[in-house]
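Novice: Starting from these lines, generate the structure:
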Amino acid sequence: MGLETSPPYLSLINGATLPITGVSFASGGSGILNETGQKYVQYIPLARQVDYYCLVHDKLVQQMGPSTAKMHLLKSIFAIFIGSNDLQDYFSANSSISNVYTPQQYIERLLSTYKSLLKTLYGLGARKILVAGSAAVGCYPVQRKTTKTGECNVKTNYWCSKYNDGLKIMLQRVKSELFGLSFAYFDLYGAMDMFRQDDKYGFTNIRDACCGLGKLKADAPCIPTSNCCSNRKNHVYWDFIHPTEAVASIIADIIYNGTHECMVPMNLKRLVDI
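Specialist: Numbering: from 1, shown residues only. Prediction:
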């Protein structure tokens, strides 16, 4: 899009002028639910990210004036990539959440929370929102290692797919309820499936992590003592959960220029031009 990388919100000094080209609220390990990511020392759940955006919104109004700030936000893209961590937490080994909710109840809770936060963003000026569905969490190396053959965990992927179906329905309902709202939905599940099955992308290792230890290099995260593959460009996964930079680069291109195969009802380029 020709923009510089957005600075993290928490890196901005109090009283400093906000960059009008964007701010990042993203946080490693976070999820739609506040409890997702609790095993990490620091994480910022989606609700708190929205709270931070609220502060940015108010600062932009002060900085630019109400009418200019409103017009600026009408043109802005709000990109939200979240949900996979929530599902990974539910289907991880020794998960306590699965003792409280059935998979269907958990997905309904995710979507209800998500919908409420999207409406909050709308109330604070968001009109163009890019949303990514969940990845095929069952194909993460950390999930594959739980199967005898090292194949994808079918049960986990089934519920990731059900979540994505529910997410698309929820987005359509929100759009019908809120005037002037536009979505671009990225089918991350489908895109990752293409990388695993289509030789044209050049990925020859779709199972193992590039960096890690143990079975499928998925017994430990990528730490200084981990083993690292000789060619990360032919791996789909960098560590036991995250894709490689090669995959991320292709994903970025699909999001911006992709067809209806992965971008519904439009790609990011078209969303920008609305």
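
Novice: for the helix or strand of the chain with the lowest mean pLDDT, packing partners?
Specialist: For the chain, counting by mean pLDDT, DSSP states H and E, helix 188-197 ranks last in confidence among helices and strands (a mean of 87). Contact analysis of helix 188-197 by 3 or more CB pairs under 8 Å, 6 or more residues apart in numbering; DSSP states H and E lists helix 154-177, strand 235-237, helix 245-257 as its packing neighbours. C-betas here are computed from N, CA, C, even on glycine.

Novice: Which of these sits closest to Gly2?
Specialist: helix 245-257 (11.2 Å; CB to CB).

Novice: which helices and strands sit right next to the helix or strand following that closest one?
Specialist: Sequence-wise, the next helix or strand downstream of helix 245-257 (DSSP states H and E) is strand 263-264. Where contact means 3+ CB pairs under 8 Å, 6+ apart, strand 263-264 is packed against strand 182-186.

Novice: Adjacent strands (with direction) for the strand it packs on?
Specialist: If you go by DSSP bridges, strand 182-186 pairs up with strand 128-132 (parallel), strand 263-264 (antiparallel).

Novice: Looking at these, which is nearest to Ile241?
Specialist: strand 128-132 (15.1 Å).

Novice: Can you name the residues that contact Ser98?
Specialist: By CB atoms under 8 Å, 6 or more residues apart in numbering, the residues touching Ser98 are 90-91, 106.

Novice: before we move on, the earlier item: for the least confident helix or strand of the chain, list the C-alpha coordinates in CSV.
Specialist: C-alpha atoms of helix 188-197 as CSV (Å, rounded to 0.1, in the frame of the first residue of the first chain):
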residue,chain,number,x,y,z
LEU,A,188,-6.4,-18.1,5.9
TYR,A,189,-7.5,-21.8,6.3
GLY,A,190,-7.9,-22.2,2.5
ALA,A,191,-4.7,-20.3,1.7
MET,A,192,-2.5,-22.5,4.0
ASP,A,193,-4.2,-25.6,2.4
MET,A,194,-3.0,-24.4,-1.0
PHE,A,195,0.6,-24.0,0.2
ARG,A,196,0.5,-27.6,1.5
GLN,A,197,-0.9,-29.1,-1.6
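
Novice: Now the element after it, going C-ward?
Specialist: strand 205-209.

Novice: tell me the angle of that following strand relative to helix 188-197?
Specialist: 110 degrees (axes from the mean of the first three to the mean of the last three CA atoms, to 10 degrees).

Novice: Can you give the contact residues for strand 205-209?
Specialist: So strand 205-209 is in contact with 139, 141, 144, 150, 195-196, 216-218, 222, 229, 234-240, going by CB under 8 Å, 6+ apart.

Novice: Any quick PyMOL command for the buried ones out of those residues?
Specialist: Typed into PyMOL, the line below selects the buried ones among the contacts of strand 205-209, using 16 or more other CB atoms under 10 Å:
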select buried, resi 139+141+144+195+216+217+218+222+229+234+235+236+237+238+239+240
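
Novice: hmm, back to that, so which of the helices and strands packed on helix 188-197 gets nearest Ser24?
Specialist: helix 245-257 (14.9 Å).

Novice: Please export the C-alpha coordinates of the closest one as CSV.
Specialist: The C-alpha trace of helix 245-257 is given here as CSV (Å, rounded to 0.1, in the frame of the first residue of the first chain):
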residue,chain,number,x,y,z
GLU,A,245,8.5,-15.5,6.2
ALA,A,246,8.2,-17.1,2.8
VAL,A,247,4.6,-18.0,3.6
ALA,A,248,3.8,-14.6,5.1
SER,A,249,5.0,-12.9,2.0
ILE,A,250,2.6,-14.9,-0.2
ILE,A,251,-0.2,-14.3,2.2
ALA,A,252,0.4,-10.5,2.0
ASP,A,253,0.1,-10.7,-1.8
ILE,A,254,-3.0,-12.8,-1.7
ILE,A,255,-4.7,-10.4,0.7
TYR,A,256,-3.9,-7.4,-1.5
ASN,A,257,-4.4,-8.9,-5.0
